[in-house]
Structures are given as C-alpha cells and as structure tokens.
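A.B. asks: Need coordinates for the following:
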Amino acid sequence: MEWEEFRQRGWTRAPAHVREARDFAARAALDWGVDDNLGDVRLVTSELATNAVQHARTGFSVVVRVLEHSVVVEVTDGSSELPVLARAWSCHGGGRGLQLVDALSTRWGADRLPTGKTVWAVLGPERRLHGAGRSRGADPPGLPGA
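C.D. replies: Residues are numbered from 1 along each chain as shown. Sure thing, here's the model as predicted:
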C-alpha cells in the first residue's frame, strides 16, 4: 500500500517547537483536504511532540502522512524508552497526554529504533471506542515494510 502524501520536518528540543510541529501537521492535513479532524491532528501532534521534549529530552522529527481519509502522525525522538499509557491521577499535573492520544486516535503505537523511537497515531474520520483497538509496537496500516 502506498502513501498518497507525506511531509517531514525536524526540530530541536525547545518547547516553542512543539507549537511549530502542531502547526506543521495541521497545515499538511489542511493542504490535503483532510480537515474533518484538524483539531485532533493538532492536539495529538502537540502531545507527542511535548513528550519528546519533556521526556526524551532530545530533538524530534514529525512525519505526517495521509492515506485516503486518515492522517498518520509520527514523532521520532532520540530516546529508546517506549511510552506507557498510565492512569492519570487528578492530583498529578501531567500524564494525560497519551490518554488524549489514545482517546482521539483510531490506532496508536510506538516502535523502537536503533537511535530512539517513533510514536505514531492514526487519526481517521471516526474515533474508536476508548480502550478498544490500540496496537502498540506495530506499524500503522500501510506503512512500507508492514
């Protein structure tokens, strides 16, 4: 299966670059006319990029792909530690980013690389039911080599 379109860009770990990454992903989806879930694309990109800046503490790159009516957002950073979907406690200031990714995506996962990891999310026209269909550690559908 071939990707119809994709765009890629990298940033340093500066917190201000999270907004740039979010805008980059949204612009790509808008340019491709896949804007039914533009808010979700922005939020998921922001959460994954924030995780790269705060937890991996490395620069990061974002790849945005479109296949039919779905958008795939991939964030690659220099840490090999895979993300864990944890229960966020109300007294804890963070920990909700992956819960948002989980709730907004039709599928999401993470793949370890020789020099870090890629965390990806598939955003389709329909959201899945919370907690159903998550696929961690497997490539998004249609990814070359899958």
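A.B. asks: how near is residue 57 to residue 13?
C.D. replies: Residue 57 is 6 Å from residue 13, where distance means C-beta to C-beta, to the nearest Å. Every residue, glycine included, has its C-beta placed from N, CA and C.
A.B. asks: quick one, which of these two is more surrounded?
C.D. replies: residue 13 (17 against 11; other C-beta atoms under 10 Å).
A.B. asks: Test for you: state the pLDDT assigned to the nearest residue to the more buried one once chain neighbours are set aside.
C.D. replies: Using C-beta to C-beta, 6 or more residues apart in numbering and skipping residues adjacent in sequence, the residue nearest residue 13 is residue 53, 5.0 Å away. Residue 53 is assigned a predicted lDDT (pLDDT) of 95.
A.B. asks: would you say residue 20 is within a helix?
C.D. replies: Yes - the assignment for residue 20 by DSSP: H, G, I helix; E, B strand; the rest coil puts it in a helix.
A.B. asks: okay, now it: neighbour count?
C.D. replies: Here the number of neighbours of residue 20 (other C-beta under 10 Å) works out to 14.
A.B. asks: Report the contact partners of it.
C.D. replies: Applying C-beta atoms under 8 Å, 6 or more residues apart in numbering, we find residue 20 in contact with residue 11.
A.B. asks: now the one 4 residues further on
C.D. replies: By C-beta under 8 Å, 6+ apart, the residues touching residue 24 are 7, 9, 45, 62, 64.
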